[in-house]
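Q: Please find the sequence and the predicted model below.
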Amino acid sequence: MTQHQDQTQPASVPSATAAPAPAATGGVHPNAVMKPDDPMVHEGMNWFVLRVASNKETSVRDTLLRKVQIEHMDHLVKRILVPTEKTKTIKGGKQRITENKLYPGYVFVEMKLEDDGRIPQDVFFLIKETTGVGDFVGTKGRPTAMKMHEIEKMQAASMRVEDQPQIKMVFEKGEAVTIKEGPFQGYEGTVDELLPEKGLVRVLVTIFGRQAPVELEEWHISKSDKA
């Protein structure tokens, strides 16, 4: 990371206006996840967006938090977050759970700046010497603080998922589709209902001049070219 930074804002990413702590359940550092009773911003600090190498978001977060503990800098750097989304898909009756990063290539850091808006020297070198780290979003060595509505959105996505992940459905009710597999292959139809708990989509298909509901797995249908 260099102290001279550009003003490019990432697409779909919020624009930026003692002894080691015990690990959280599952080995995740407590400052790597949001808890419902956590303050949005700790006093004297702000949230900033740090560019990192693709697919290195988690390792950068874990490395930085470990360094902060070792160097006793938690009064300067409080939390580091990598918002993710867990989704569940069902294919052939088998469930598959995936965890995707909501803002690939970015890590969110809550830290305290100097009075002139610059990163404290110790924190600057701690971050700069971490593999995979780029620049903060900002300009002229002064990272730009995130706006409050951006922080709210980011933190909502950073809450730990305790129970079942969401089932992601790619179709919507009323959408025109084409059946790709099975006995009704080639038929056109309309999505009548989504059944996420089963991983199925109910499609209305015209058979012998009459509409009939057919339940299909998502991968059996595609969006119609005629839509």
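A: Yep, it's here. Numbering: from 1, shown residues only.
Q: Which helix or strand lies directly C-terminal to the helix or strand of the chain with the lowest mean pLDDT?
A: Counting by mean pLDDT, DSSP states H and E, the chain has its least confident helix or strand at strand 166-167, which shows a mean of 59. Sequence-wise, the next helix or strand downstream of strand 166-167 (DSSP states H and E) is strand 176-179.
Q: and that next one, which strands flank it?
A: Strand 176-179 sits in its sheet next to strand 188-195 (antiparallel), strand 221-223 (antiparallel), going by DSSP bridges.
Q: Now tabulate these in a markdown table and tack on mean neighbour count and distance to residue 97.
A: Where you see a C-beta, it was placed from the backbone N, CA and C, and this is true even at glycine. What follows is these, written out as a markdown table (neighbours: other C-beta atoms under 10 Å; distance: least, C-beta to C-beta, whole Å):
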| stretch | mean neighbour count | distance to residue 97 |
| --- | --- | --- |
| strand 188-195 | 17 | 18 |
| strand 221-223 | 17 | 22 |
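Q: hang on, residue 224 packs against residue 174?
A: No - look at residue 224 against residue 174 with C-beta atoms under 8 Å: they stay out of range, at 11.8 Å.
Q: Look at the two and report which has more neighbours.
A: More crowded of residue 224 and residue 174, by other C-beta atoms under 10 Å: residue 224, with 14 against 9.
Q: what's near enough to touch the more buried one?
A: 175-178, 188 (C-beta atoms under 8 Å, 6 or more residues apart in numbering).
Q: just checking, residue 176 touches residue 223?
A: Yes - Residue 176 is within contact range of residue 223, at 7.4 Å (criterion: C-beta under 8 Å).
Q: Can you show me the helices along the chain?
A: For the chain, the helices defined by DSSP state H occupy 57-70, 121-128, 148-156.
Q: Give me the distance between the most centrally placed residue in the chain and residue 155.
A: Taking C-alpha atoms, centre = their mean, the centroid of the chain lies closest to residue 102, which sits 2.2 Å from it. Separation of residue 102 from residue 155 (C-beta to C-beta, to the nearest Å): 12 Å.
Q: Likewise for residue 137?
A: Note on residue 137: its distance to residue 155, by C-beta to C-beta, is 17 Å.
Q: more crowded one of those two?
A: For the pair residue 137 and residue 155, the greater number of neighbours falls to residue 137 (25 against 19), based on other C-beta under 10 Å.
Q: these two touch, right, that one and residue 144?
A: Yes - counting by C-beta under 8 Å, residue 144 is a contact partner of residue 137 at 5.7 Å.
Q: which parts of stretch 62-73 are buried?
A: Buried residues in stretch 62-73, counting neighbours by 16 or more other C-beta atoms under 10 Å, are found at 62-65, 67-69, 73.
Q: Could you do stretch 190-209 as well?
A: Neighbour counts over stretch 190-209 (16+ other C-beta under 10 Å) mark 190-192, 194, 199-203, 205 as buried.
Q: quick check, nearest of those to residue 96?
A: Comparing these against residue 96 with C-beta to C-beta picks out residue 199 as the nearest, at 9.9 Å.
Q: Surely the closest one touches residue 217?
A: Yes - with contact defined as C-beta under 8 Å, residue 199 and residue 217 form a contacting pair (6.0 Å).
Q: what sits against the nearest residue to residue 185 once chain neighbours are set aside?
A: When the adjacent residues along the chain are set aside, residue 185 lies closest to residue 179, with 5.7 Å between them (C-beta to C-beta, 6 or more residues apart in numbering). With contacts defined as C-beta under 8 Å, 6+ apart, residue 179 is in contact with 185-189, 203, 205, 214, 216, 220-221.
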